[in-house]
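Student: make a model of this:
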Amino acid sequence: MKKLSNAGSTLVEMLVVIVVLAILGVLVVTIFTRTLRGTNKTQIISSIKQNGQSILETMNNSIRNADNIFCISQDHHTIVVVKNGLYTRYRFVIDSSGLSNGKVSSDNPQQLGVESSIFMSNICNSADLLVAPQTLSDTNTQTGVNLISGSFTKTAQAGFKDIITIEFVLRSGVQAPAAVAGQIEPVTFKTTIEPR
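Tutor: Predicted structure coming up:
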């Protein structure tokens, strides 16, 4: 009889140990997953802020030092500035398909063999293709940023130079982990610039 009760208590002890280990395992996995999500969330927020500030700084320097604000497109997605005869065009490119990130691009269009009036009317049209565009935002679909809206506006002031307002909204990339991306609100970036 004594042997049987020892075997029973050993089985119960073993079950208790297994349950305790299982609970500890679940706790460790939960803590690990939350830590990873927190790290991913921090990295995505940091990427959004860095991209937004970098884009604003690039545009601010170019527009502030421009000789002339040549035009803003009718849909307010494109602005063209001129400095020493060189055109620089900035464009907000929004991807409505949801398959890739929206982005901020720039190029330097040139009038090569095109009639001046055609060049002038096309350069401010958002449908005009960018020539050798540079992308100012990180377009990586998982770790980059997605431009969801953007606009350029020009406010004329009597007796003063025009004021340009840039406003755009960035959020996490379209393929960022859903559990993390759902916790991150889009970030709006806005500045006003008075060219010199």
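
Student: give the contact list for the residue lying closest to residue 102 once chain neighbours are set aside.
Tutor: Leaving aside its chain neighbours, residue 102 sits nearest to residue 147 (3.4 Å; criterion: Cβ to Cβ, 6 or more residues apart in numbering). No exception for glycine: its C-beta is placed from N, CA and C like everyone else's. Contact analysis of residue 147 by Cβ atoms under 8 Å, 6 or more residues apart in numbering lists 92-94, 101-104, 137, 168-170.

Student: in JSON lines, list the residues you listed along with neighbour count, pLDDT and secondary structure.
Tutor: Shown next, in JSON lines, are the contacts of residue 147 (neighbours: other Cβ atoms under 10 Å; pLDDT from 0 to 100; DSSP: H, G, I helix; E, B strand; the rest coil):
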{"residue": "92", "neighbour count": "27", "pLDDT": "96", "secondary structure": "strand"}
{"residue": "93", "neighbour count": "20", "pLDDT": "94", "secondary structure": "strand"}
{"residue": "94", "neighbour count": "16", "pLDDT": "94", "secondary structure": "coil"}
{"residue": "101", "neighbour count": "27", "pLDDT": "94", "secondary structure": "coil"}
{"residue": "102", "neighbour count": "23", "pLDDT": "94", "secondary structure": "coil"}
{"residue": "103", "neighbour count": "23", "pLDDT": "96", "secondary structure": "strand"}
{"residue": "104", "neighbour count": "26", "pLDDT": "96", "secondary structure": "strand"}
{"residue": "137", "neighbour count": "24", "pLDDT": "94", "secondary structure": "coil"}
{"residue": "168", "neighbour count": "24", "pLDDT": "97", "secondary structure": "strand"}
{"residue": "169", "neighbour count": "20", "pLDDT": "96", "secondary structure": "strand"}
{"residue": "170", "neighbour count": "27", "pLDDT": "95", "secondary structure": "strand"}
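
Student: helices of this structure, residue ranges please.
Tutor: With DSSP state H as the criterion, the chain has helices at 2-64, 116-123, 178-181.

Student: which stretch among these comes nearest residue 80?
Tutor: Among the helices of the chain, helix 116-123 comes nearest to residue 80, with 5.5 Å by Cβ to Cβ.

Student: so how far is that closest one from its chain's centroid?
Tutor: Centroid displacement of helix 116-123 relative to its chain, using Cα atoms, centre = their mean, to the nearest Å, is 31 Å.
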